[in-house]
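# Test case, fold it:
(2 chains)
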Amino acid sequence: MSSRRFSAGLALAAFAALFLLAITAPAHLSDATLEPSMRFASPSVLPPFGADRLGRPLLQYAQQGAEIVIGPALAAACFVAVLSIAGGLLRCVGDQRVDALIQGLGEVLGALPRMVVILVAALLIPSTSRGLLPLALVWALLAAPGAMDEAAAVAERLGGARFVEALRAHGFSWSRVFLYHIVALNLRPVVVRQAAEVLLQVTFLELGLSYLAVQGNEASFTHPDSLKSWADLLYMGYTAIGLGTPTWHALALGLGLVALTTVIARSTTTAVRAR
Amino acid sequence: MKAWWVRPGVRLLAAVLLPLLVPAIITALIWALPGDPSEIICPKATCSGTAELAARWHLDKGAWSFFVQWVGNAVHGDFGNSWRVEQGLPVADLLVDSVPVTVKLVVLSLIPILLGVVGAATGLLPARTDGLFSAVGLVPALVFSLLGSAAIVVKFGAGAFDSEANLWRLVVGAAVLGFSDGAFASAVSGVRGVFSAERNQRYVSIAILRGERPLANMLPNVAPALTGQLRARILHLLSGAVVVEVVLGLTGVGDLLWSGTLKQDFGVVLAAATTFACFSAFLLVVQAAVEVGVALHVRRAPVLADVARVAA
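Presented below is the predicted three-dimensional model:
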């Protein structure tokens, strides 16, 4: 099997696992158990991932965490993919004013550290609209100029407007030239890689913001209090190392979920890389 | 072709506007939120004297008046008072404490990156190590930070916040920032890419034939691209510094911004975000200066017509 097919299979399997976790997520965690032996239960006692200090299955943390990230991360990835395609196609149109506008936008949006913009956005988004989705879209907006610029550079290397003219001279329709020859054959590796990177970054953004909130015992900007993020698992892992609580299995699960998301992004990128 | 001064000129303009634009946007958005900004500090349901507070904090005469007042004071180093994080304390005092921590963190984290950049440019860092650094760079800063934080708690126990532990926090934070989220790997691969593309230029081959060092010939030509990459890298570090500072308990500007965001302290957020904008403006000025320097260096070089005349 070629590495490209293997990567595609791996990406699909990892995404299917994430999707399965998300759609099976319970609305609330189970009630705390009164059975002392179930507290901090290891995976062998409470399969598949063990339990927290109240005897609640860590599987539910994984499910709810997946539910929090999957929608916004996919939305942000699609947003960047669409803008990236637009950036490539606009370069093929050959309008210098549009190019200058995109570059100017990139300079302005790229001039500030992204996390600073995200925190300001988190502060200013009304509490009724709070959640990961608006923050994910802000992140995607900040990432978009770079993605558009890279797609435009690929289109430039193709020959830009001259490439389109040449294909039109061969009798291909506009839609075939733009959608098949430019997007599907040439922009695909860049567009998919940028989208996969944003998917990964949004997942890590959620982890970061939720972890900071969990650490300070505050409500997260990214999800309601009724849901638990993967950051809760990582925090349990932190207490295992730093404070000696028996929650090493939570650390392993948290790191495993981070690895799962990384596998999705990296395998997708490898699967669609340019030949 | 655009004149050589356009690009650095735009950067200098952006550097001037950025520290004004950031507070302007935040101020506009504060007023765009539903309700009166003064009620954020002192909700009428639970607190009396909202009108007096609004007058004292310049919130009573609208967004423009607040912005002009704030910028006018900020130019003289007065960023107003904290609304909630350290209620009533001057934000300037909080910034004086936190800016050096962030600067130290970012400068320390730049050391491995700069060594990597030099290694990649000179070929001392072989390309076969890129895979290893890319793998390390896949780990998010959060994971390395929490592991580092836990390790410091284990090592120092009850003294986890004394001066020696704080030094360790800074060093661990710098290492985390320098290597996680692809910081080191991207810097090295970016520089390697720039130099390998430049090495294919004819003038480099000619320089080698003349017995000159290729690096010295390439450097002026790649300097603007390298400076741009370095600026992007430092912005990336500043972005990551927020998470690293909070997780490791470093009291930098990122930590201050996080506290301000959590507690809806617009006074602190305004000042912290503007501080980041000033960092960014400084980087833009440096990049513009390098571009101007390179442009002047190139203009001092003999043009082709002069060379041909001398040869004739």
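
# CA atoms for contacts and neighbours, from now on please.
Will do.

# Show me where chain A dips below the pLDDT cut-off.
In the predicted model of chain A, residues A:1, A:34 satisfy pLDDT under 70.

# where along it do the helices fall?
With DSSP state H as the criterion, chain A has helices at A:3-23, A:58-93, A:96-109, A:114-124, A:132-158, A:161-169, A:174-175, A:188-215, A:230-242, A:248-271.

# Run the chain-centre distance for stretch B:32-41.
Centroid displacement of stretch B:32-41 relative to its chain, using CA atoms, centre = their mean, to the nearest Å, is 30 Å.

# Stretch A:177-197 now?
Using CA atoms, centre = their mean, the offset of stretch A:177-197 from its chain centre is 18 Å.

# thought residue A:14 was touching residue A:264?
Yes: counting by CA atoms under 8 Å, residue A:264 is a contact partner of residue A:14 at 5.8 Å.

# which residue ranges form the helices in the stretch 201-312 of chain B?
Taking DSSP state H, counting those that start in this stretch, the helices of the stretch 201-312 of chain B run over residues B:202-209, B:214-248, B:253-262, B:266-300, B:304-311.

# Excluding sequence neighbours, find me the nearest residue to the residue nearest to the spatial centre of chain B.
Centroid-nearest residue in chain B: residue B:235, 3.6 Å away (criterion: CA atoms, centre = their mean). In space, and not counting its chain neighbours, residue B:235 is closest to residue A:113: 5.1 Å by CA to CA, 6 or more residues apart in numbering or on different chains.

# Just give me the neighbour total for that neighbour.
25 (other CA atoms under 10 Å in any protein chain shown).

# mind listing what it touches?
Residue A:113 is in contact with B:235-236, B:238-239, B:276, counting by CA atoms under 8 Å, 6 or more residues apart in numbering or on different chains.

# Which of those ranks first by neighbour count?
residue B:238 (27 neighbours).

# list the contacts for residue A:76?
With CA under 8 Å, 6+ apart, residue A:76 has these contacts: A:136-137, A:139-140, A:195, A:198-199, A:202.

# Kindly provide the distance from it to chain B.
Distance, residue A:76 to chain B, using CA to the nearest CA, to the nearest Å: 19 Å.

# how close does that residue get to residue B:221?
37 Å (CA to CA, to the nearest Å).

# I'd like the C-alpha coordinates of stretch A:231-245 written as CSV, please.
C-alpha atoms of stretch A:231-245 as CSV (Å, rounded to 0.1, in the frame of the first residue of the first chain):
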residue,chain,number,x,y,z
ALA,A,231,-8.4,20.1,29.1
ASP,A,232,-10.0,18.7,32.2
LEU,A,233,-8.3,15.4,31.4
LEU,A,234,-4.9,17.2,31.0
TYR,A,235,-5.5,19.0,34.3
MET,A,236,-6.1,15.7,36.0
GLY,A,237,-2.9,14.5,34.5
TYR,A,238,-1.1,17.6,35.9
THR,A,239,-2.4,16.8,39.4
ALA,A,240,-1.1,13.2,38.9
ILE,A,241,2.5,14.5,38.3
GLY,A,242,2.5,17.5,40.5
LEU,A,243,0.3,16.5,43.4
GLY,A,244,0.4,12.7,43.3
THR,A,245,-3.3,12.0,42.7
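
# about what we covered before: next, format the contacts of residue A:76 as a markdown table and append distance to chain B and neighbour count.
Shown next, in a markdown table, are these (distance: CA to the nearest CA, whole Å; neighbours: other CA atoms under 10 Å in any protein chain shown):
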| residue | distance to chain B | neighbour count |
| --- | --- | --- |
| A:136 | 15 | 29 |
| A:137 | 17 | 21 |
| A:139 | 12 | 22 |
| A:140 | 15 | 26 |
| A:195 | 16 | 30 |
| A:198 | 13 | 29 |
| A:199 | 13 | 29 |
| A:202 | 11 | 27 |
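
# where does residue B:241 land on pLDDT?
Note for residue B:241: predicted pLDDT of 94.

# does it really touch residue B:254, like I thought?
Yes: Residue B:241 lies in contact with residue B:254 (CA under 8 Å); the separation is 6.1 Å.

# Mind listing the shared neighbours of those two?
Counting by CA under 8 Å, 6+ apart, the common neighbours of residue B:241 and residue B:254 are residue B:102.

# Could you tell me which residues within the host helix or strand of residue B:53 count as buried?
Residue B:53 belongs to helix B:50-56 when assigned by DSSP states H and E. Neighbour-count burial for helix B:50-56, counted by 16 or more other CA atoms under 10 Å in any protein chain shown, picks out B:50, B:53-54.

# what packs against whatever helix or strand comes next after it?
Later in the chain than helix B:50-56, the nearest helix or strand by DSSP H and E is helix B:62-75. When contacts are defined as 3 or more CA pairs under 8 Å, 6 or more residues apart in numbering or on different chains; DSSP states H and E, helix B:62-75 packs onto helix B:6-32.

# The helix it packs on and chain A in contact?
Yes: judged by CA under 8 Å from any CA of the partner chain, helix B:6-32 and chain A are in contact via B:14, B:26, B:29-30.

# So which elements touch the helix or strand just after that helix?
Going down the chain from helix B:6-32, the next helix or strand is helix B:38-41, by DSSP H and E. Applying 3+ CA pairs under 8 Å, 6+ apart, we find helix B:38-41 packed against helix B:50-56.

# Give me the contact list for the helix it packs on.
Residues outside helix B:50-56 that contact it (CA under 8 Å, 6+ apart) are B:38-39, B:42-44, B:60.

# could the contacts of residue A:76 be laid out in JSON lines, adding distance to residue A:97?
Converted to JSON lines, these look like this (distance: CA to CA, whole Å):
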{"residue": "A:136", "distance to residue A:97": "29"}
{"residue": "A:137", "distance to residue A:97": "26"}
{"residue": "A:139", "distance to residue A:97": "25"}
{"residue": "A:140", "distance to residue A:97": "23"}
{"residue": "A:195", "distance to residue A:97": "26"}
{"residue": "A:198", "distance to residue A:97": "27"}
{"residue": "A:199", "distance to residue A:97": "30"}
{"residue": "A:202", "distance to residue A:97": "31"}
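
# Residue B:87: how many residues sit nearby?
Residue B:87: 13 neighbours (other CA under 10 Å).

# Helix, strand, or coil at it?
coil (DSSP: H, G, I helix; E, B strand; the rest coil).

# and stretch B:32-44, how far out from the chain's middle?
Centroid separation for stretch B:32-44 versus its chain: 32 Å, with CA atoms, centre = their mean.

# Now do the buried residues in it.
Taking 16+ other CA under 10 Å as the criterion, stretch B:32-44 shows B:36-42 as buried.

# Can you give the contact residues for that stretch?
If you take CA under 8 Å, 6+ apart as the criterion, stretch B:32-44 is touched by A:124, A:126, B:30-31, B:48-51, B:53-54, B:59-60, B:83-84, B:264.

# Could you give the average pLDDT over that stretch?
Mean predicted confidence for stretch B:32-44 is 76.

# Which strand or helix spans whichever residue of the stretch 51-200 of chain B sits closest to chain A?
Taking CA to the nearest CA, chain A has its nearest neighbour within the stretch 51-200 of chain B at residue B:150, 4.4 Å off. Secondary structure from DSSP H and E places residue B:150 in helix B:141-156.

# I'd like to check what contacts that helix. Which residues are they?
By CA under 8 Å, 6+ apart, helix B:141-156 touches A:207-208, A:234, A:238-239, A:241-243, A:255, B:160, B:165, B:168-169, B:172-173, B:176-177, B:180-181, B:240, B:243-244, B:247-248.
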